[in-house]
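# fold the following.
(one chain, ligands or ions: 1)
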Amino acid sequence: MWSMNLSKYSYGLDVCRSLFHRLLAQIAPLHYLAGFWDELAATDPNQAILTGVTDDQEFLKSGRCSLGFLENHIVLDSTWHVLDYGCGTGRVTRFIAPKVRRVTAADISGTMLSLLKQETKHISTITAVRIRSRSLKELPDNEYDLIFSMLVLQHLNKTNASKTLFHLGHKLKTGGYMFLQFPSADYKRTFPELYDRMSETDASQPGLARLYYPHEIEMLLHDNQLCPLKFEYRDGDYYVSARKVVGPDALKPLPPPFQERYAADIAVMSGASSWPTGQKYSLTCRLRNIGNMSWRNDETDLVNYVQLGVSLAADDGHIIIRDFARQALPTVLGPDAEITLSITCPAITEKGRYFLLIDMVNERHFWFHDLAGTVCRHAVEVIS
Ligand SMILES: C[S@@+](CC[C@H](N)C(=O)[O-])C[C@H]1O[C@@H](n2cnc3c(N)ncnc32)[C@H](O)[C@@H]1O
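Reported below is the predicted structural model:
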């Protein structure tokens with residue numbers, strides 16, 4: 001009896017402790033985050049930075065490779081002062097340093113910075129700066145010709161990531177460049193253990209990755225007066241370069257692929273209004289690509305693999321099964337192209353009135369109505 005009470009008490013204590021830590025993470029997040037990264041850096045820094053990579057050679061190779069991605073977007077200038085924000089142990093810092101005048105390597109983790117200093121002590125143009133404030137007051141305003149941040153913003157909840165980008169924008173010279181990496185929805189498949197929907201808003205889980213959709217990245221840049229230059233998808237991540245613009249230049253039209261839109265005009269051509277229980281149900285639709293992206297039918301295409309999809313909704317509109325049916329496109333469907341396609345839905349056992357919500361799905365990324373809000377509805381009565 002006593003021990004039962006005790007264990008209840010200790011469970012209560014655990015809950016209180018865990019709530020306390022979560023609360024702490026929300027009120028004193030930088031201190032908490034720094035401790036989190038310090039601990040990881042002290043245990044296995046390579047693994048802390050690149051999940052699954054412990055070997056030094058592989059780690060360094062990835063740093064050169066990441067710099068290659070950056071240079072694919074931006075031509076470096078030997079006069080530049082560059083900021084590597086969230087530099088870690090200098091995986092990329094050490095390779096960019098010989099190509100520019102000066103590099104400031106900034107991080108919230110003192111342990112990461114100590115390791116960086118040891119590893120790069122032969123490079124006199126690198127200065128390490130410990131970040132202790134959300135407003136980044138340790139860094140001068142209007143100073144940097146290029147700011148890059150890789151594998152960092154994903155570890156902040158989305159609100160903090162946006163605030164950080166706002167402050168970083170102030171550190172950039174007008175006309176300066178920004179290069180950022182964001183994980184795509186593909187992480188759900190490739191790193192399921194790093195993903196948790198809650199983490200988008202919760203600051204207490206810095207180890208998790210927040211996934212971004214292209215339109216979110218577009219908004220982030222625009223909100224911070226950054227004009228996108230190039231957008232690229234590689235192995236599960238988006239890499240985006242942008243320029244700080246002010247005045248009329250800020251209103252320049254967006255370059256591709258930010259102008260690119262996924263949009264579909266879908267009409268049901270045939271589909272019975274009643275549907276016997278226990279039987280599959282087919283309907284035929286006319287699909288027209290009214291966006292400007294090609295819908296690809298190759299399932300190995302990680303960016304534009306598009307299929308026809310159906311969700312099952314109840315009479316009151318709430319979705320019962322989101323991924324109810326799928327039909328592959330027989331061919332690539334370019335802008336303005338149109339086809340007629342049949343799709344078969346699984347049998348339903350419960351009688352009643354339902355809606356089939358018919359839309360295109362960019363697999364691994366989004367349903368088109370996630371972007372545009374409109375969806376084709378088809379009412380059907382399931383009868384005995
Ligand atoms: C996954 S590591 C990436 C390190 C480095 N950018 C790279 O690509 O090798 C994330 C780094 O971001 C740092 N970090 C996390 N939150 C930060 C923040 N709010 N401000 C600055 N650095 C942060 C961590 O301490 C850690 O060194």
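
# how about Ala161, phi and psi?
Main-chain torsions, Ala161, degrees, to the nearest 10: phi -60, psi -40.

# need the residues of this structure near the ligand, please.
Contact residues, the chain versus the ligand (Cβ under 6 Å from any ligand atom): 33, 37, 49, 86-88, 91-92, 107-109, 112, 131, 150-152, 155-156. Where you see a C-beta, it was placed from the backbone N, CA and C, and this is true even at glycine.

# what about those residues, which are in helices?
Leu33, Trp37, Ile49, Met112 (DSSP state H).

# and the chain, split by domain according to the record?
Per the record, the chain has its domains at 32-251, 264-383, by automatic domain parsing.

# relative to Arg296, how far out is Tyr187?
Distance of Tyr187 to Arg296, computed by Cβ to Cβ, to the nearest Å: 21 Å.

# try Lys163
Distance, Lys163 to Arg296, by Cβ to Cβ: 36 Å.

# quick one: which of these two has more around it?
More neighbours surround Arg296 than the other of Lys163 and Arg296, with 19 against 16 (other Cβ atoms under 10 Å).

# what segments of the stretch 1-150 of the chain are helices?
Counting by DSSP state H, counting those that start in this stretch, the stretch 1-150 of the chain has helices at residues 2-27, 29-43, 45-49, 56-71, 93-96, 110-119.

# between the last one and helix 29-43, how many degrees?
Compare the direction of helix 110-119 with that of helix 29-43 by axes from the mean of the first three to the mean of the last three Cα atoms, to 10 degrees and you get 50 degrees.

# show me what residue of the stretch 251-384 of the chain gets nearest to the ligand.
Nearest residue of the stretch 251-384 of the chain to the ligand: Leu302, at 21.2 Å (Cβ to the nearest ligand atom).

# swap in the chain?
Gly88 (2.7 Å).

# separation between that residue and Asp38?
Gly88 is 12 Å from Asp38, by Cβ to Cβ.

# Thr93 too?
The value you get for Thr93 to Asp38, if Cβ to Cβ is used, is 18 Å.

# over to Asn297?
48 Å.

# still on that earlier bit, overlap in contacts of Gly88 and Asp38?
Listed as contacting both Gly88 and Asp38 by Cβ atoms under 8 Å, 6 or more residues apart in numbering are Ser109, Met112.

# more neighbours, these two?
More neighbours surround Gly88 than the other of Gly88 and Asp38, with 27 against 18 (other Cβ under 10 Å).

# circling back to that earlier point, turn the domains of the chain into a markdown table, columns for mean pLDDT.
As requested, the domains of the chain are exported to a markdown table (pLDDT from 0 to 100):
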| stretch | mean pLDDT |
| --- | --- |
| domain 32-251 | 90 |
| domain 264-383 | 91 |
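
# looking at the ones you listed, which is buried most?
Of the domains of the chain, the one with the most neighbours on average (mean count of other Cβ atoms under 10 Å) is domain 32-251, at a mean of 18.

# the stretch 51-200 of the chain: strands as residue ranges?
Here the stretch 51-200 of the chain has its strands, by DSSP state E, counting those that start in this stretch, at 81-85, 102-107, 126-130, 144-149, 172-183.

# show me what the fourth one is packed against.
For strand 144-149, the helices and strands in contact under the criterion 3 or more Cβ pairs under 8 Å, 6 or more residues apart in numbering; DSSP states H and E are strand 81-85, helix 158-171, strand 172-183.

# export the ones you listed to JSON lines and append columns for distance to Gly334.
As requested, the helices and strands packed on strand 144-149 are arranged in JSON lines below (distance: least, Cβ to Cβ, whole Å):
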{"stretch": "strand 81-85", "distance to Gly334": "39"}
{"stretch": "helix 158-171", "distance to Gly334": "33"}
{"stretch": "strand 172-183", "distance to Gly334": "27"}
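
# among these, which is nearest Asp55?
strand 172-183 (21.4 Å; Cβ to Cβ).

# can I get the closest one as PDB, trimmed to CA atoms?
Only the C-alpha atoms of strand 172-183 are listed here, as PDB (Å, rounded to 0.1, in the frame of the first residue of the first chain):
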ATOM      1  CA  LEU A 172      23.300  40.800 -43.900                       C
ATOM      2  CA  LYS A 173      24.500  43.700 -46.000                       C
ATOM      3  CA  THR A 174      22.000  45.000 -48.500                       C
ATOM      4  CA  GLY A 175      22.700  43.000 -51.700                       C
ATOM      5  CA  GLY A 176      24.200  40.200 -49.600                       C
ATOM      6  CA  TYR A 177      23.400  36.600 -50.100                       C
ATOM      7  CA  MET A 178      21.800  34.000 -47.900                       C
ATOM      8  CA  PHE A 179      22.000  30.200 -48.400                       C
ATOM      9  CA  LEU A 180      19.800  27.900 -46.300                       C
ATOM     10  CA  GLN A 181      19.000  24.200 -46.100                       C
ATOM     11  CA  PHE A 182      15.600  22.900 -45.100                       C
ATOM     12  CA  PRO A 183      14.400  19.300 -44.800                       C
END
